[in-house]
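Participant: heads up, no residue letters with this:
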Ligand code: UD1
């Protein structure tokens, strides 16, 4: 089988002067945008394909740098990965290594998700600590405590490598009752996947309830895992001996969809999004409604946003079904030109306001202190050169650029490419005026 991975990141690596987006703002958008498969589901499910001793076919895989990195990680473990369009075939019958390479894990926190599947499948896993990142420290203590409760021995070796192994005679993890101090998405995924092949029953209390957890559980159940309660705060997993072949389609990306809703709202446009699962966007739709936006559901999987007045609203980010932290930055851009004063409180990550300074460069009036930001709505934003500091901050700057008067230059596109599938061509199709400029090509 040919292993052929399209490495989109080469487009940012090849030149010393990285590409940037040039946006001419204040264009009305119209038409329909196709929402891609959910990045955070796809990454978790790719890692969970390590559980399967058969072929896995995954559909609706978005085209993202993070997906390419996860493919590379699986290949480094000896797994066969073949991509064709939106379909990814993964065959993890033979896993030749239990050690995840530092170069990949250090660049993408989600690659730490392989620890649970590797450990439960092989009885041993060596995965480097993912380390801090632009939005805060992001420890993995809850992941490791969960694995230890299931009987794993866990040590941090020199160089910050987590070495986990199953010392028990049977070579299998043992079911356990685990209470999470915080409903961590990553810890819930790790414990749930590790428990699928453990001996006995595992109960996760105060589990994360995000739709991506439900998608991961559905994927595992289709392979023959026994999981109940995913989507509630108590998940029960009865370990099985082996998982079988699966053909599974990833859910639509609620954060990408939310970002397009904000793009519609900030440009006072009438656009439709398809496919979506409206229920997953409830907290986002509720905020947009209370700001004065008009959103209607058309059929079971289409949303339409129509022009409305934009009024200030307060936001507190919370675990699902609360308002998602991943939508905080795009909403800050939207609130910056809404009438009145808004307060955003970020309760999930400790350092997720780095877009404030960039939005202020565009004429916004935002003051951040600790985990609160006060946004005083201004009549309009002005185009400026800005730098994306993380994935969702990059989306905030793009939507701000769509609304701003004049030209906005967004740099730091490697963040955007991690999580948004062809965002510029999707926006172009809706009528936005923006283009990716590669300085090297432009010079030649
Ligand atoms: C996932 C998502 C990310 C989203 C976040 C919250 C992926 C790839 N990423 O991140 O887009 O913003 O959920 O919805 O799915 N924590 C600990 N100890 C731990 C684990 C987490 O203290 O062992 C803390 C984190 O530092 C953070 C909070 O818990 O402050 C939430 O983290 P978590 O829910 O685990 O988020 P991620 O899985 O990293």
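Facilitator: It's in. No experiment lies behind these values; they were computed from the predicted model shown. Numbers count the residues shown, from 1 in each chain.

Participant: Need the three-state assignment for the closest residue to residue 400 other than its chain neighbours.
Facilitator: Distance criterion C-beta to C-beta, 6 or more residues apart in numbering; nearest residue to residue 400, sequence neighbours excluded, is residue 333 at 4.1 Å. Just so you know, the C-beta spots here come from the backbone N, C-alpha and C atoms, and that holds for glycine as well. At residue 333 the chain is in helix, as set by DSSP: H, G, I helix; E, B strand; the rest coil.

Participant: thinking residue 333 is in contact with residue 259, fair?
Facilitator: No: look at residue 333 against residue 259 with C-beta atoms under 8 Å: they stay out of range, at 10.0 Å.

Participant: Need the residues touching each of these two.
Facilitator: Taking C-beta atoms under 8 Å, 6 or more residues apart in numbering as the contact rule, residue 333 and residue 259 both touch residue 399.

Participant: ok so, going back, let me know the pLDDT of the residue nearest to residue 400.
Facilitator: Looking at residue 333, its pLDDT reads 98.

Participant: For residue 396, see how far away it is.
Facilitator: Computed as C-beta to C-beta, to the nearest Å, the residue 333 to residue 396 distance reads 4 Å.

Participant: What of residue 28?
Facilitator: Residue 28 is 20 Å from residue 396, where distance means C-beta to C-beta.

Participant: Give me the more crowded residue out of those two.
Facilitator: Ranked by neighbour count (other C-beta atoms under 10 Å), residue 28 and residue 396 place residue 396 first, with 29 against 15.

Participant: Check which helix or strand residue 163 maps to.
Facilitator: Element membership for residue 163 (DSSP states H and E) is strand 161-165.

Participant: ok, now residue 316?
Facilitator: strand 315-316.

Participant: Who are the packing partners of that strand?
Facilitator: Here strand 315-316 touches helix 328-336, strand 341-345, going by 3 or more C-beta pairs under 8 Å, 6 or more residues apart in numbering; DSSP states H and E.

Participant: Now look at the longest one and say if it contacts the ligand.
Facilitator: No: between helix 328-336 and the ligand, judged by C-beta under 6 Å from any ligand atom, nothing touches; the nearest distance is 9.1 Å.

Participant: angle of that helix against strand 341-345?
Facilitator: 170 degrees (axes from the mean of the first three to the mean of the last three C-alpha atoms, to 10 degrees).

Participant: Which residues does helix 328-336 contact?
Facilitator: Residues contacting helix 328-336 (C-beta under 8 Å, 6+ apart): 258-259, 262, 265-266, 287, 291, 310, 312-313, 315, 317, 342, 344, 346, 352, 355-356, 359, 364-366, 373, 375, 377-378, 381, 392-393, 395-397, 399-400, 403.

Participant: Let's see which of those end up in helices.
Facilitator: 258-259, 262, 265-266, 287, 291, 355-356, 359, 392-393, 395-397, 399-400, 403 (DSSP state H).

Participant: what does the stretch 201-350 of the chain put close to the ligand?
Facilitator: By the rule C-beta under 6 Å from any ligand atom, the part of the stretch 201-350 of the chain lying against the ligand is 208, 212, 325-326, 348-349.

Participant: Can you pick out the most distant pair from those?
Facilitator: Among these, the pair separated by the greatest distance (C-beta to C-beta) is 212 and 349, at 16.7 Å.

Participant: Of those two, which one has the most company?
Facilitator: Using other C-beta under 10 Å, the more surrounded residue of residue 212 and residue 349 is residue 212, with 26 against 19.

Participant: For that one, grab phi and psi.
Facilitator: The phi and psi values for residue 212, taken as degrees, to the nearest 10, are phi -70, psi -30.

Participant: was I right about it contacting residue 38?
Facilitator: Yes: judged on C-beta under 8 Å, residue 212 makes contact with residue 38 at a distance of 6.1 Å.

Participant: got any residues that touch both of these two?
Facilitator: Each of residue 251 lies in contact with both residue 212 and residue 38 under the rule C-beta under 8 Å, 6+ apart.

Participant: And the helices in the stretch 101-250 of the chain?
Facilitator: 102-105, 115-122, 141-149, 185-196, 211-222 (DSSP state H, counting those that start in this stretch).

Participant: where are the low-confidence patches of the stretch 51-200 of the chain?
Facilitator: Residues of the stretch 51-200 of the chain that meet the criterion pLDDT under 70 lie in 131-137, 168-169.

Participant: For it, what lies in contact range of the ligand?
Facilitator: Along the stretch 51-200 of the chain, the residues adjacent to the ligand under the rule C-beta under 6 Å from any ligand atom are 109-110, 138-143, 182, 184-187.

Participant: Show me which of the residues you listed are buried.
Facilitator: Neighbour counting with 16 or more other C-beta atoms under 10 Å marks 109-110, 138, 140, 142-143, 184-187 as buried within these.

Participant: I'd like those residues written out as CSV, with distance to residue 47 added.
Facilitator: Formatted as CSV, these follow (distance: C-beta to C-beta, whole Å):
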residue, distance to residue 47
109, 12
110, 7
138, 17
140, 14
142, 17
143, 12
184, 16
185, 13
186, 11
187, 14
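
Participant: Between which two of those residues is the distance greatest?
Facilitator: 110 and 142 (15.5 Å).

Participant: mind listing what the spatially closest residue to residue 305 that is not a sequence neighbour touches?
Facilitator: Of all residues not flanking residue 305 in the chain, residue 264 sits nearest, at 4.0 Å (C-beta to C-beta, 6+ apart). For residue 264, the contacting residues are 29, 270-271, 305, by C-beta under 8 Å, 6+ apart.

Participant: mind running it again at 10 Å?
Facilitator: 28-30, 33, 270-273, 288, 293, 295, 303-308, 399, 402, 430 (C-beta atoms under 10 Å, 6 or more residues apart in numbering).

Participant: Check residue 123 too.
Facilitator: Each residue near residue 123 by C-beta under 10 Å, 6+ apart is listed here: 98, 152, 164-168, 170-173.

Participant: redo that, cut-off 7 Å
Facilitator: By C-beta atoms under 7 Å, 6 or more residues apart in numbering, residue 123 lies in contact with 165-166, 171.
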